[in-house]
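*Asks:* Need a 3D model of the following:
(one chain, ligands or ions: 1)
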Amino acid sequence: MALPDILKSKLRIPVVGAPLFIVSHPALVLAQCTAGIVGSFPALNARPAEQLDEWLAEITEGLRNHDEKSPARPAAPFAVNQIVHRSNKRLEHDLTMCVKYKVPIVISSLGAVPEVNEAIHSYGGIVLHDIINNRHANSAIRKGADGLIAVAAGAGGHAGLLSPFALVQEIREWFDGPLLLSGAIATGRAILAAQAMGADLAYIGSPFISTTEARAGDDYKKMIVDSNSSDIVYSNYFTGIHGNYLKPSIAKAGMDPDHLPEADPSKMDFEAATTGAKAWKDIWGCGQGIAAVKEIAPASNLVARLEQEYHAAKTALCAA
Ligand SMILES: Cc1cc2nc3c(=O)[nH]c(=O)nc-3n(C[C@H](O)[C@H](O)[C@H](O)COP(=O)(O)O)c2cc1C
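*Replies:* Residues are numbered from 1 along each chain as shown. Below is the predicted model:
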């Protein structure tokens with residue numbers, strides 16, 4: 001199946017900047033889109049809920065201004081992430097806002113629901129649903145999602161445990177629609193590898209935390225620059241769902257990252273977990289790919305590096 005135009009025509013490289021709780025906001029989204037990749041943010045980052053209207057106006061206006069000034073290099077489209085979970089009491093409001101602004105791409109997480117897909121399809125938007133296994137992928141497509149984001153082992157935030165090879169291979173046996181791959185992708189070579197494996201685009205989160213536009217403290221950004229995969233721990237202790245976190249941030253909060261207790265998944269409450277003192281604010285989510293992040297720099301520099309590496313990797317592979 002051909003990739004929808006929205007996921008290719010205005011992209012300089014096949015990359016979507018993944019939504020990052022607390023960290024992504026309009027400045028980062030605008031920087032990502034104007035640099036030529038899809039920028040995104042979780043709707044829940046706009047607080048109170050009424051702020052979502054302002055953020056969507058700011059992004060829509062900012063992208064329009066960019067396109068007027070640089071018609072030869074138009075901005076890539078943006079995406080809004082909706083957490084489809086019973087604990088998200090804002091879902092209806094936030095979806096109404098997406099419909100009002102005709103948000104081009106919606107990324108749904110945690111639950112696949114036909115009503116969300118229908119609302120976004122009503123104006124021609126597309127829905128990408130993120131999953132950590134083939135069963136959830138199948139259910140998301142049956143419920144009307146247009147594409148899938150395969151969240152493989154090593155991804156930042158809530159992540160699965162499957163090898164990207166296994167996950168992509170199983171999904172590609174039955175699905176030829178848009179497929180994104182995420183988990184520790186932080187170089188141009190890794191973007192190309194994702195495509196070689198069968199994905200259409202790479203979905204990249206953690207490297208954008210250490211960009212100047214990201215809404216993260218300098219100590220968080222610096223910890224990413226200073227860390228590598230051995231500094232990441234996989235635990236369900238903080239939100240009830242397994243995810244990858246920076247060990248030094250856990251140690252800083254007074255806990256032993258190598259001996260964390262198990263949480264009870266039935267107690268998972270996204271809203272409580274995210275407004276509570278610890279999870280995400282003090283305990284910093286991060287994927288395993290961050291050894292490739294060597295500096296705190298504007299998002300456009302990161303995209304330029306990925307672009308240069310991606311083309312160099314393609315040339316080298318074709319010459320081999
Ligand atoms: C700090 C942080 C916050 C995240 N918040 C969200 C979120 O609110 N919603 C969501 O769907 N995914 C969230 N994710 C997951 C990312 O969207 C993406 O799947 C992941 O970052 C990709 O792996 P990578 O970080 O190794 O590139 C988060 C990840 C991180 C690191």
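*Asks:* Val103 touches Leu56, doesn't it?
*Replies:* Yes. When contacts are counted by Cβ atoms under 8 Å, Val103 is listed as touching Leu56 (7.0 Å). In this view, the C-beta of every residue, glycine as well, is placed from N, C-alpha and C.
*Asks:* Up against the ligand, what does this protein have?
*Replies:* When proximity is defined as Cβ under 6 Å from any ligand atom, the chain approaches the ligand at 18-21, 23, 42, 81, 109, 130, 151, 155-157, 182-185, 203-206, 285-287, 289.
*Asks:* now the strands for the stretch 101-250 of the chain?
*Replies:* Under the criterion DSSP state E, counting those that start in this stretch, the stretch 101-250 of the chain carries strands at the ranges 105-109, 126-131, 147-151, 157-158, 179-182, 201-204, 232-235, 243-246.
*Asks:* returning to what we had before: for Val103 and Leu56, list the residues in contact with both.
*Replies:* For the pair Val103 and Leu56, residues contacting each of them under the criterion Cβ atoms under 8 Å, 6 or more residues apart in numbering are Val80.
*Asks:* in this structure, which spans are helices?
*Replies:* For the chain, applying DSSP state H gives helices covering 26-35, 51-69, 91-100, 114-121, 134-142, 164-172, 188-197, 218-226, 247-252, 270-275, 299-319.
*Asks:* Highest mean neighbour count out of those?
*Replies:* Among those, helix 26-35 has the highest mean neighbour count (mean count of other Cβ atoms under 10 Å), at a mean of 24.
*Asks:* ok, Ile191 touching Leu11?
*Replies:* No. In this structure, Ile191 sits apart from Leu11 without contact. The criterion is Cβ under 8 Å, and the distance is 11.2 Å.
*Asks:* Distance check, the residue of the stretch 101-250 of the chain found nearest the ligand against Ile250.
*Replies:* The ligand sits closest to Gly205 of the stretch 101-250 of the chain, with a gap of 2.1 Å, by Cβ to the nearest ligand atom. Here Gly205 is placed at a distance of 19 Å from Ile250 (Cβ to Cβ, to the nearest Å).
*Asks:* That concludes my questions; thank you for your assistance.
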